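[1] please find the sequence and the predicted model below.
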Amino acid sequence: MDIIETKVDVTSETYKKNYDQMTALVKDLESELDRSLNERSAKALKRHEDSGKLPAKKKLELLLDKNTPFLEIAPLAARGLYDGKIHKAGLVAGIGVIEGKECMISINDATIKGGSIYPMGVKKTLRCQAIAMENRLPFISLMDSAGAYLPLQSEIFPDIDDGGRIFFNQARMSKMGIPQIVGVMGLCTAGGAYGVAMCDEIVHVKQHGAIFLGGPPLVKAATGEEVLANDLGGAELHCAESGVSDYYAEDDAHAIRMIRKITKNLPANKKSTLSMTEPESPIYDPKELYGIVSPDLSLPYDIREVIARIVDGSRFLEFKELYGQTLVTGWANIHGYPVGILANNGILFSKSAQKATQFIQLCDKRKIPLVFLQNINGFIVGSDYERAGITKDGHKMVNAVANASVPKFTLIVGASFGAGNYAMCGRAYSPRLLWMWPNAQIGVMGGAQAADVLITITNDQRKRAGQDCMTKEEDDFIKKPVMDAAFKEGNAYYSTSQLWDDGIIDPAKSRDVLGLAISASLNAPLRDQAHGFGVFRM
């Protein structure tokens with residue numbers, strides 16, 4: 001593979017301006033991440049401390065192997081929703097290493113509304129289960145939840161992707177042979193009780209942990225019986241009498257030690273293998289990405305400069321370099337793992353889509369994971385391009401992305417608009433994991449484009465009615481709310497709060513994030529038995 005020769009002038013004013021702007025965005029991101037981890041009410045913290053329970057971040061520290069990384073999932077989920085204080089949607093979750101095994105970890109944060117489950121908490125749990133199933137990761141839960149947040153029960157309970165789906169997934173995970181281990185460290189009521197009982201092994205903390213289908217208030221209301229939580233569903237009852245729980249723990253720390261022992265006792269899962277190379281750092285500083293990529297999405301740059309700061313040794317074997325040049329495709333290594341990269345260098349034309357289709361087929365055939373770097377406004381439009389078959393060529397690419405069964409990973413490094421989002425493996429096309437940079441934007445189209453389309457439609461309607469076109473003042477009156485809404489609902493923070501992605505990341509950490517994700521994906525077969533493609537429209 002050849003080393004990508006950079007053409008970036010790090011002394012230019014454009015580079016310096018971009019660097020300063022991206023640095024500011026990264027600092028904002030760090031501030032938001034710190035807030036999501038540490039902003040808790042003094043009252044909640046004191047109550048938690050007085051109860052003798054460990055905070056969620058301490059539980060995570062004790063659970064993970066020392067000096068191993070933690071790939072957090074959706075750390076800013078529910079940001080700005082509800083009362084603005086349901087940080088991380090009430091769950092600390094991610095992929096971490098326990099006794100040498102990569103696991104999916106989910107920890108209730110009981111300092112947030114007593115661990116009450118909000119709709120976005122359900123969505124985040126389902127996302128974590130999907131990651132565990134796709135990557136065959138043991139699922140480790142530390143539960144301490146007051147149950148569903150009842151004022152929003154209609155958004156939690158009845159639909160196909162609401163709370164019941166969690167238990168459905170647990171049954172499917174059990175059938176798939178994915179271990180599920182839970183520590184009961186607080187109340188597990190109603191659905192929470194099912195979530196515990198459907199796990200393979202249950203560690204139950206005395207005094208704090210309680211499992212019951214109906215808590216003391218409901219029991220009293222339904223039957224008139226008055227009973228304490230510990231007597232109704234405590235560790236003594238479930239470990240010695242009902243048999244619901246399997247291990248008796250003195251406190252949170254003891255429970256975590258037991259969970260580590262249980263995880264160590266799990267059968268070894270032979271990981272899939274790739275043709276590895278010796279990992280090496282890029283020859284260019286990844287922080288130079290700050291100066292290459294502008295927060296202004298209208299300003300172009302060569303996506304090869306991004307690739308050069310993510311891949312091993314900045315080496316890249318480009319595929320069809322002279323054909324379909326608005327899409328860059330080729331092979332590289334990230335932390336030693338071979339990858340096939342598809343990266344946007346402009347709008348998608350027929351030749352770009354054809355190239356992508358062939359390249360994806362090659363990678364799928366060779367069992368090489370795919371990495372998509374999205375900065376895309378969509379496919380080319382216009383009568384000439386329709387005559388040339390852009391619709392069928394776009395279909396080929398979308399078909400290939402949908403049916404590729406090797407692990408896929410997506411980084412949205414700029415724009416992600418329209419069908420370009422789909423073709424470049426957006427959320428709907430099931431990448432194993434998907435992240436955004438803090439400058440990224442997502443939507444059907446950009447705000448300015450959407451506003452111009454609306455103006456054109458309105459003027460066409462007026463013409464048909466025999467009226468004059470709108471004045472500039474009327475144009476501006478219509479454009480502003482459209483553009484404002486597009487910015488509000490298309491920025492990275494709105495996306496991540498809604499769990500459209502798995503997190504916003506510092507561009508300079510992209511390489512390490514991808515390396516961790518690829519490693520986790522190797523716990524599953526590289527592709528399913530039904531690999532192959534559908535009909536390509538010719």
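    Ah, there it is.

[2] and the residue lying closest to Asp144 once chain neighbours are set aside, how far from Glu386?
    Among residues not flanking Asp144 along the chain, Gly186 sits closest, at 2.8 Å (C-beta to C-beta, 6 or more residues apart in numbering). The way it works is simple: take the backbone N, C-alpha and C, and place the C-beta from them, glycine included. As judged by C-beta to C-beta, to the nearest Å, Gly186 and Glu386 stand 59 Å apart.

[3] tell me the residue furthest from the middle of this protein?
    Relative to the centre of the chain, and counting by C-alpha atoms, centre = their mean, the farthest-placed residue is Gly466 at 50.5 Å.

[4] hmm, back to that, read off the pLDDT value for the residue nearest to Asp144.
    On the pLDDT scale, Gly186 is placed at 94.

[5] surely it meets Ser141?
    No. At 11.8 Å, Gly186 and Ser141 do not qualify as touching, with contact defined as C-beta atoms under 8 Å.

[6] nearest residue to Arg166 in space, please, no chain neighbours.
    In this structure residue 166 is Ile, not Arg. The nearest residue in space to Ile166 (C-beta to C-beta, 6+ apart) is Thr125, at 5.5 Å.

[7] can you tell me the helix or strand for that neighbour?
    helix 119-135 (DSSP states H and E).

[8] if we can go back for a sec, next, the contact list for the residue farthest from the centre of the chain, please.
    Applying C-beta atoms under 8 Å, 6 or more residues apart in numbering to Gly466 gives no contacts.

[9] for it, which three-state class applies?
    At Gly466 the chain is in coil, as set by DSSP: H, G, I helix; E, B strand; the rest coil.

[10] now do the end-to-end distance for stretch 516-525.
    Distance across stretch 516-525, first residue to last, is 17 Å (C-alpha to C-alpha, to the nearest Å).

[11] about what we covered before: higher neighbour count, Gly186 and Glu386?
    Gly186 (25 against 11; other C-beta atoms under 10 Å).

[12] how much space between that one and Gln374?
    Gly186 is 40 Å from Gln374, where distance means C-beta to C-beta.

[13] where do the strands of the stretch 1-150 of the chain begin and end?
    All strands of the stretch 1-150 of the chain, identified by DSSP state E, counting those that start in this stretch, fall at 2-3, 71-72, 91-98, 101-108, 139-143.

[14] can you list the low-confidence ranges for this structure?
    445-447, 528-530 (pLDDT under 70).

[15] quick one, longest strand in it?
    Of all segments of type strand in the chain, defined using DSSP state E, the longest is strand 408-417.

[16] downstream neighbour of it in the secondary structure list?
    Following strand 408-417 in sequence, per DSSP H and E, is helix 418-423.

[17] let me see the contact set for Ile112.
    Shown in contact with Ile112 (C-beta under 8 Å, 6+ apart): 40, 44, 85-88, 90.

[18] please repeat the previous calculation with a cut-off of 7 Å.
    Contact partners of Ile112, counting by C-beta atoms under 7 Å, 6 or more residues apart in numbering, are 85-87, 90.

[19] which of the residues you listed are buried, as a ChimeraX select command?
    Typed into ChimeraX, the line below selects the buried ones among these, using 16 or more other C-beta atoms under 10 Å:
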select :86,87,90
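
[20] report the two of the contacts of Ile112 separated the most.
    Pairwise distances among these were taken by C-beta to C-beta; the largest, 10.2 Å, belongs to Lys85 and Gly90.

[21] could you dump stretch 372-389 to PDB, C-alpha only?
    The C-alpha trace of stretch 372-389 is given here as PDB (Å, rounded to 0.1, in the frame of the first residue of the first chain):
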ATOM      1  CA  PHE A 372     -18.000   4.300   5.600                       C
ATOM      2  CA  LEU A 373     -16.900   8.000   6.000                       C
ATOM      3  CA  GLN A 374     -20.000  10.000   5.300                       C
ATOM      4  CA  ASN A 375     -19.900  13.600   4.000                       C
ATOM      5  CA  ILE A 376     -22.700  13.400   1.400                       C
ATOM      6  CA  ASN A 377     -25.400  15.700   0.100                       C
ATOM      7  CA  GLY A 378     -27.000  12.900  -1.900                       C
ATOM      8  CA  PHE A 379     -27.200  11.500  -5.400                       C
ATOM      9  CA  ILE A 380     -27.000  13.800  -8.500                       C
ATOM     10  CA  VAL A 381     -30.400  14.900  -9.900                       C
ATOM     11  CA  GLY A 382     -31.500  16.100 -13.200                       C
ATOM     12  CA  SER A 383     -32.900  14.900 -16.500                       C
ATOM     13  CA  ASP A 384     -29.600  14.000 -18.100                       C
ATOM     14  CA  TYR A 385     -28.700  11.900 -15.100                       C
ATOM     15  CA  GLU A 386     -32.000  10.100 -15.000                       C
ATOM     16  CA  ARG A 387     -31.600   9.200 -18.700                       C
ATOM     17  CA  ALA A 388     -28.200   7.800 -17.800                       C
ATOM     18  CA  GLY A 389     -29.700   5.600 -15.100                       C
END
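
[22] now the helix holding Thr125 against strand 91-98, angle please.
    Counting by axes from the mean of the first three to the mean of the last three C-alpha atoms, to 10 degrees, helix 119-135 lies at 20 degrees to strand 91-98.

[23] ranges for the strands of the stretch 401-538 of the chain?
    408-417, 433-436, 441-443.

[24] distance to Asn399 and mean neighbour count added to the ones you listed, as a markdown table?
    Below are the strands of the stretch 401-538 of the chain laid out as a markdown table (distance: least, C-beta to C-beta, whole Å; neighbours: other C-beta atoms under 10 Å):
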| stretch | distance to Asn399 | mean neighbour count |
| --- | --- | --- |
| strand 408-417 | 14 | 26 |
| strand 433-436 | 20 | 25 |
| strand 441-443 | 22 | 21 |
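
[25] for the residue farthest from the centre of the chain, phi and psi?
    phi 80, psi 20 (degrees, to the nearest 10).

[26] residue boundaries of the helices in the stretch 301-450 of the chain?
    Applying DSSP state H, counting those that start in this stretch to the stretch 301-450 of the chain gives helices spanning 303-307, 350-366, 383-388, 390-403, 418-423, 447-464.

[27] what is the last one packed up against?
    Helices and strands touching helix 447-464, by 3 or more C-beta pairs under 7 Å, 6 or more residues apart in numbering; DSSP states H and E, are helix 472-490.

[28] output the helix it packs on as CSV, restricted to C-alpha atoms.
    Provided in CSV are the C-alpha atoms of helix 472-490 (Å, rounded to 0.1, in the frame of the first residue of the first chain):
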residue,chain,number,x,y,z
LYS,A,472,-37.9,38.8,-1.1
GLU,A,473,-39.5,39.7,2.3
GLU,A,474,-42.0,36.9,1.9
ASP,A,475,-39.2,34.5,0.8
ASP,A,476,-37.2,35.4,3.9
PHE,A,477,-40.3,35.0,6.1
ILE,A,478,-40.8,31.4,4.9
LYS,A,479,-37.1,30.5,4.8
LYS,A,480,-36.1,31.4,8.3
PRO,A,481,-38.2,28.9,10.3
VAL,A,482,-37.4,26.1,7.8
MET,A,483,-33.7,26.8,8.1
ASP,A,484,-33.9,27.2,11.9
ALA,A,485,-35.8,23.9,12.2
ALA,A,486,-33.3,22.1,10.0
PHE,A,487,-30.4,23.3,12.1
LYS,A,488,-32.0,22.4,15.3
GLU,A,489,-33.1,18.9,14.3
GLY,A,490,-30.1,18.2,12.0
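
[29] doesn't Asn169 fall inside a strand?
    No. Under three-state DSSP, Asn169 sits outside any strand and is assigned helix.

[30] what residues does it make contact with?
    Residues near Asn169 by C-beta under 7 Å, 6+ apart: 126, 129.

[31] roughly how far does it sit from Ile131?
    Asn169 is 11 Å from Ile131, by C-beta to C-beta.

[32] which helix runs longest in the chain?
    Secondary structure of the chain per DSSP state H: the longest helix is helix 13-38.

[33] can you list the buried residues in it?
    Buried, per 16+ other C-beta under 10 Å, within helix 13-38: 15, 18-19, 21-22, 25-26, 29, 32-33, 36-37.
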